[in-house]
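Novice: I would like to see how this sequence folds:
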Amino acid sequence: MWLKPEEVLLKNALKLWVTQKSSCYFILQRRRGHGEGGGRLTGRLVGALDAVLDSNARVAPFRILLQVPGSQVYSPIACGATLEEINQHWDWLEQNLLHTLSVFDNKDDIASFVKGKVKALIAEETSSRLAEQEEEPEKFREALVKFEARFNFPEAEKLVTYYSCCCWKGRVPRQGWLYLSINHLCFYSFFLGKELKLVVPWVDIQKLERTSNVFLTDTIRITTQNKERDFSMFLNLDEVFKVMEQLADVTLRRLLDNEVFDLDPDLQEPSQITKRDLEARAQNEFFRAFFRLPRKEKLHAVVDCSLWTPFSRCHTTGRMFASDSYICFASREDGCCKIILPLREVVSIEKMEDTSLLPHPIIVSIRSKVAFQFIELRDRDSLVEALLARLKQVHANHPVHYDTSADDDMASLVFHSTSMCSDHRFGDLEMMSSQNSEESEKEKSPLMHPDALVTAFQQSGSQSPDSRMSMNILTSVLLLYTKEEEAFWLLVAVCERMLPDYFNHRVIGAQVDQSVFEELIKGHLPELAEHMNDLSALASVSLSWFLTLFLSIMPLESAVNVVDCFFYDGIKAIFQLGLAVLEANAEDLCSSKDDGQALMILSRFLDHIKNEDSPGPPVGSHHAFFSDDQEPYPVTDISDLIRDSYEKFGDQSVEQIEHLRYKHRIRVLQGHEDTTKQNVLRVVIPEVSILPEDLEELYDLFKREHMMSCYWEQPRPMASRHDPSRPYAEQYRIDARQFAHLFQLVSPWTCGAHTEILAERTFRLLDDNMDQLIEFKAFVSCLDIMYNGEMNEKIKLLYRLHIPPALTENDRDSQSPLRNPLLSTSRPLVFGKPNGDAVDYQKQLKQMIKDLAKEKDKTEKELPKMSQREFIQFCKTLYSMFHEDPEENDLYQAIATVTTLLLQIGEVGQRGSSSGSCSQECGEELRASAPSPEDSVFADTGKTPQDSQAFPEAAERDWTVSLEHILASLLTEQSLVNFFEKPLDMKSKLENAKINQYNLKTFEMSHQSQSELKLSNL
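Specialist: Just a heads-up that it's a prediction; the model follows:
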């Protein structure tokens, strides 16, 4: 066991201890009198002293000391009762610490690092023991408090487990604690006065693997988009890696694989995930994969036992698996025997008399008059009671109508002993089909055509064109050998259980198995993998092997044998047969010059596979029609090929395949995410002026904002989860609250307290279809105008933000519009400069308005004019935008001037409308006889309007000002022009947003929870 380091002087202990091993920093010692043959007098005295001491005072016979070169002070860090125990600690130190300590320059740093690591290991061992004794140990609660304080996550971020470890930063390890929560991997370290915090969302992890580096033989490497991080020095690295792999898989499937989300209830309650739940989930998935049972089947008990096997005339040791609707058995020896008993077929479960030869036996009888004897069952009474309760429930839900004519057939369906599977019929799987679940009672109508079968099955989901074609091929072959209804249920079994996630929109399951197949090629055929650097060419061919079970690329009479093996051994049969095909052509493939030649080699080989046992004439595959070979090609018998596949590559177990699927599902899902990102950016980049690298960071922020709402918030009616079936640009969308967060982080138009109101108006403007969601393209198009647009584009955007639909009657900042003008309109439009000169803006303003009218795009829809209430809100926004600007005073003076001018323009237009005078828009033919609005403005600048003291409601509706008026007025002030045309730095905003995005979200969540708490206390 590890010991809390305490300093000792070695010279005082030389007579009691003997050094067994030593290194630069560690010494392994044995206490005298232990392990010696005869022993000297000193050893006998020490041994006798240890023997007579009380057990609490006895000293462990072995220990490990930490020694710093040049120091006489040593620290015991481990002790052991046996040589094997202490050697385990010594090996751990050699593998994890010894090579690491050389990176430290200071001896004190070495001692501090080792002592801190040992203390962390002691704390982890203690917490592990407590976790076994009680449900929520105190140590876990302490870790939870530290986790919440250090990372400031909302309460919804549940901690699953934690471990002591080191995180490598370059060549220097940082000792600390690794916290694994339902959505994040977090690491905290405070070492040598330096604090380190890492937060990595599971959805950002692109690769999770065990590797080694120069200093350590075994580490866990986390790969994200931009970084690789190594974690090592775990007390139990296997356990840590397994938990991390499970958490990453669960989170990615919950957040990125929407097609699986609805099918797995466990994914819909992430707050209920615990370490025990992860272990149970892994065991459940292995159970369903091993016996190829429905996805909804839940495992209840796993019991060691023995089963009487007639073919071996003895009891075979193994394990019994009891689930909702099945009793299953698998032998300890892989491939000896496997049994699947649907409870619908079980007639009785009885306890037998306990004897010395048959300890704790039970008998399970099925309706085909076959009985199965299990013995050596621990806690037999409670097991039988639970089995009988489930048996009663199954029979109540699915009444059994006994048919004695089927007894002979049923007897051959239940018991399987592993042998070369060449005589199995497709119908043998019907026993395990979905007829044993609730769906089996709903659809029993005969289906007469492959398309009809496929159409009926597709009613529950969407398929890609490739998967639909593959399903048609498979269905056609099933109909050749089975009845219509049997073919349907076999198709259900294949698509839902034997090939999970193969026949959906993105064919995720097939792509995962393709990645697994590539790794198996590298492991079993390294020379071929080395020759073909890019195995994607093989994947393009082998994909059809998996989707159609070789039916589309092999003669039918041979391919049906492959289907037999598949129904018996599952996907393992396809993996090993694919390896056998590549191994048979390895020499030719290694000598091929390009991918095209390699593909032709495989096509010709598969075309010439025959079945000597087939009663019918040989039928070639469609590839044979494209062959231009003149010489006869060697023929391969399918039986020989299958035999080779089992003999050479049959060592792959279901557990190994499932582990590889875990590993590669992360890569495949992240590959789809990268594809989505690249397609969205490819569409957006030509339409905006934002740099591509900045667009990528904006996309990451946009996606992270969506994900954070999925982490910690209850789904709102308007919000939708990630839907991979939608077009790329619409897969991630955000609602108004999420948009407000992003607007506050990245928008250059920050207006203090007014920012949130401006964000709401911007969202309403961008939400064209009124579904309360916007996509990435609309978001960046708006930002592009704010950062890179011309002044007239920015003013136009601001103008649109203050008219409907952006500004509504219920806008919270405009409930009580001002009834008086902001400034007096009686001031003349002649302003003095500091040097005493005066500038008359009459001619400038008239010319600007005329030029804007000429340049206006005739095809563009004219924007409505702005009312008094809307104009007041427009002015408030401008005032807020100028706050804390370096030129704040000049800007305020300039906007006051422009506001006065625009108010006068609106008043003149109001009087002109009431008197029936013609405006500029009446036509060029009226200009000679009627003054334009501009002339009216400047003609009356010295007069005070009679109704300027107040704006009656009727007159207020007539007060308007246009975009052209506003833009022309703003152009008269150079300080305003400089403000809107100055270059803006987006990179600094993005860097700040990446740092503060989590903080802003957690602050909002904590503020919201406090408000709810106050309301509940009222």
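
Novice: look up how far residue 572 lies from the closest residue in space to residue 653 that isn't next to it in sequence.
Specialist: Spatially, and ignoring its direct neighbours in sequence, residue 653 is nearest to residue 334 (6.3 Å; CB to CB, 6 or more residues apart in numbering). For glycine as for every other residue, the C-beta is placed from the backbone atoms N, C-alpha and C. Computed as CB to CB, to the nearest Å, the residue 334 to residue 572 distance reads 11 Å.

Novice: overlap of the contact sets of those two?
Specialist: By CB atoms under 8 Å, 6 or more residues apart in numbering, residue 334 and residue 572 have these common neighbours: residue 653.

Novice: helix, strand or coil for the residue nearest to residue 653?
Specialist: The local conformation at residue 334, judged by DSSP: H, G, I helix; E, B strand; the rest coil, is coil.

Novice: can you pull the phi and psi angles for it?
Specialist: Backbone geometry at residue 334, expressed as degrees, to the nearest 10, gives phi -60, psi 130.

Novice: switch to numbering from 688
Specialist: I'll keep to 688 as the first residue from here, and by that count the last item is residue 1021.

Novice: burial of residue 920, as a residue count?
Specialist: 25 (other CB atoms under 10 Å).

Novice: what does the one 10 residues further on give?
Specialist: A count of nearby residues for residue 930, using other CB under 10 Å, gives 18.

Novice: repeat for residue 878
Specialist: Counted with other CB under 10 Å, the neighbours of residue 878 add up to 17.

Novice: now do the contacts for it.
Specialist: Applying CB under 8 Å, 6+ apart, the residues near residue 878 are 799-800, 803, 861-863.

Novice: same deal with residue 1350?
Specialist: 895-896, 932.

Novice: can you name the element that comes right after the helix or strand it falls within?
Specialist: Using DSSP states H and E, residue 1350 maps to helix 1341-1371. Using DSSP H and E, the next helix or strand after helix 1341-1371 towards the C-terminus is helix 1379-1399.

Novice: quick one, that following helix and helix 1341-1371 angle?
Specialist: Counting by axes from the mean of the first three to the mean of the last three CA atoms, to 10 degrees, helix 1379-1399 points 130 degrees away from the direction of helix 1341-1371.

Novice: and the helix holding residue 1350, average pLDDT?
Specialist: Averaged over helix 1341-1371, pLDDT sits at 91.

Novice: now stretch 1028-1044
Specialist: In this model, stretch 1028-1044 has an average pLDDT of 91.

Novice: so residue 1021 and residue 1259 - more neighbours on which side?
Specialist: Using other CB under 10 Å, the more surrounded residue of residue 1021 and residue 1259 is residue 1259, with 20 against 13.

Novice: returning to what we had before: could you dump the contacts of residue 878 to JSON lines with neighbour count, distance to residue 1433 and secondary structure?
Specialist: Putting these into JSON lines (neighbours: other CB atoms under 10 Å; distance: CB to CB, whole Å; DSSP: H, G, I helix; E, B strand; the rest coil) gives the following:
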{"residue": "799", "neighbour count": "15", "distance to residue 1433": "42", "secondary structure": "helix"}
{"residue": "800", "neighbour count": "23", "distance to residue 1433": "41", "secondary structure": "helix"}
{"residue": "803", "neighbour count": "19", "distance to residue 1433": "40", "secondary structure": "helix"}
{"residue": "861", "neighbour count": "20", "distance to residue 1433": "32", "secondary structure": "strand"}
{"residue": "862", "neighbour count": "21", "distance to residue 1433": "37", "secondary structure": "strand"}
{"residue": "863", "neighbour count": "23", "distance to residue 1433": "32", "secondary structure": "strand"}
